[in-house]
Each structure stands twice: as C-alpha cells, then as structure tokens.
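In: Pasting a predicted model and its sequence here:
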Amino acid sequence: MKGDAFSRNAIKRSLLHFAIGKAGAAVVGFALLLLLVRALSKEQYGIYVALVALFEIVQLGSNFGIFSGAYRFVPQLLASGNGLQLRRLVFWLTGLRVLTLIVPALCLWALSVPISIILGIQDFTYVLKCYGLVLVAEGTARYVDLLFDALLEQGRVQLAIISRNALRVVGALVLIQIGTQHLTLM
C-alpha cells in the first residue's frame with residue numbers, strides 16, 4: 001500500500017472500515033457493559049468504573065507527545081515511501097510508549113496500599129496491583145491502534161478493538177459459568 005496509501009480508494013476503504021467497525025465495537029461494548037453491570041456487585045462495579053477512569057487519565061498524562069509524533073511523522077514517512085525509517089520510528093515510538101506506561105503501572109503497584117486506604121477500598125489492594133498490567137497491556141494496544149490509524153489501516157484497527165472487547169465478553173461469560181453467576185474484580 002506504499003504508493004497508494006492516500007489514494008481515494010484507500011481513504012474510502014478506511015472510512016468504510018471505520019463506520020462498520022465503530023458500529024460493531026459499540027454493540028460489543030454495550031454487551032460488555034450489560035454483562036458487567038449484572039455480574040459485578042454495586043461496590044465492585046463502582047471500583048471498575050473508577051479504574052477505567054484511572055486508565056483514561058493515565059493515557060492522557062503519560063503519552064508525552066508520543067501520540068502527536070505518531071500522527072505527524074508516521075503518515076509523512078509512509079507517504080515518502082521510506083519503509084526503513086518508518087519501521088525504525090514505529091519501533092522507537094512503541095518502545096517509548098511502553099516505557100511511559102510501565103512507569104505509572106509501577107507507581108500504582110508501589111502505592112497500591114496507600115491508594116486503597118485513601119479510597120476506602122483496602123480489600124482491593126491486590127486488584128490495584130494487578131491493574132498495572134491492564135494499564136500497560138491495554139495502553140500498548142491502544143497505541144498500536146493509533147499507529148494503524150496513522151497508516152490508514154482502519155480495518156485492522158476496528159478488528160483489533162472489536163476482538164479485544166469480544167474477548168472480554170467471552171472471558172466474563174466463561175468466568176460466570178465457572179463461578180457462581182457473579183464476577184469479582186479479583
């Protein structure tokens with residue numbers, strides 16, 4: 001797709017993938033929401049919502065311009081046809097992004113006890129420690145989505161988003177079937 005990355009057909013294809021993918025992601029996301037609302041206790045669902053908000057804050061506060069750099073320089077290198085520089089930049093930016101996610105994850109792990117005390121959720125200290133893995137894994141996945149966006153690979157982005165959310169739904173359903181019809185954050 002080197003020479004025609006920004007052609008009319010490539011852009012139309014990306015917009016079509018975007019429209020179909022967003023609709024599919026909304027359906028799967030809504031299914032996940034309904035499942036979690038019904039399967040988690042009110043207290044645990046509240047903590048889950050707070051953790052999702054924490055994730056979004058970490059996403060905003062930890063990117064240090066890496067997102068802007070990807071949106072600016074990846075399309076430029078793609079359009080110029082310089083594959084080697086493009087691969088180097090993507091590799092370097094991705095490594096930097098992972099590093100900027102590991103730091104807050106380690107801070108969350110190290111400060112999980114005081115944070116859980118401040119929030120009044122001492123029974124969930126272990127959840128806070130484990131949540132660092134979620135910060136790194138989902139943050140990295142979202143960054144890869146961003147890179148594919150910059151490469152006008154909307155089909156891959158939308159497939160990845162739907163797949164991740166569908167996997168969460170399937171995982172929750174399996175855990176419910178194994179357990180007592182309820183999920184816990186543990």
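Out: Nice, I can see it.

In: residues touching residue 139, list them.
Out: Each residue near residue 139 by C-beta atoms under 8 Å, 6 or more residues apart in numbering is listed here: 55, 58, 59, 62, 97, 101. C-beta here means a position set from N, CA and C on the backbone, and glycine is covered the same way.

In: helix/strand/coil for the first one?
Out: Secondary structure, DSSP: H, G, I helix; E, B strand; the rest coil: residue 55 is helix.

In: hang on, it packs against residue 135?
Out: Yes: the pair residue 55 / residue 135 is scored as a contact, 6.2 Å apart, by C-beta atoms under 8 Å.

In: Quick check on those two: which one has the bigger neighbour count.
Out: Taking neighbours as other C-beta atoms under 10 Å, residue 55 and residue 135 compare with residue 135 leading, 24 against 17.

In: Can you point out the helix or strand that includes that one?
Out: helix 125-150 (DSSP states H and E).

In: which strands and helices sit next to the helix or strand just after that helix?
Out: Sequence-wise, the next helix or strand downstream of helix 125-150 (DSSP H and E) is helix 154-178. Applying 3 or more C-beta pairs under 8 Å, 6 or more residues apart in numbering; DSSP states H and E, we find helix 154-178 packed against helix 8-39, helix 125-150.
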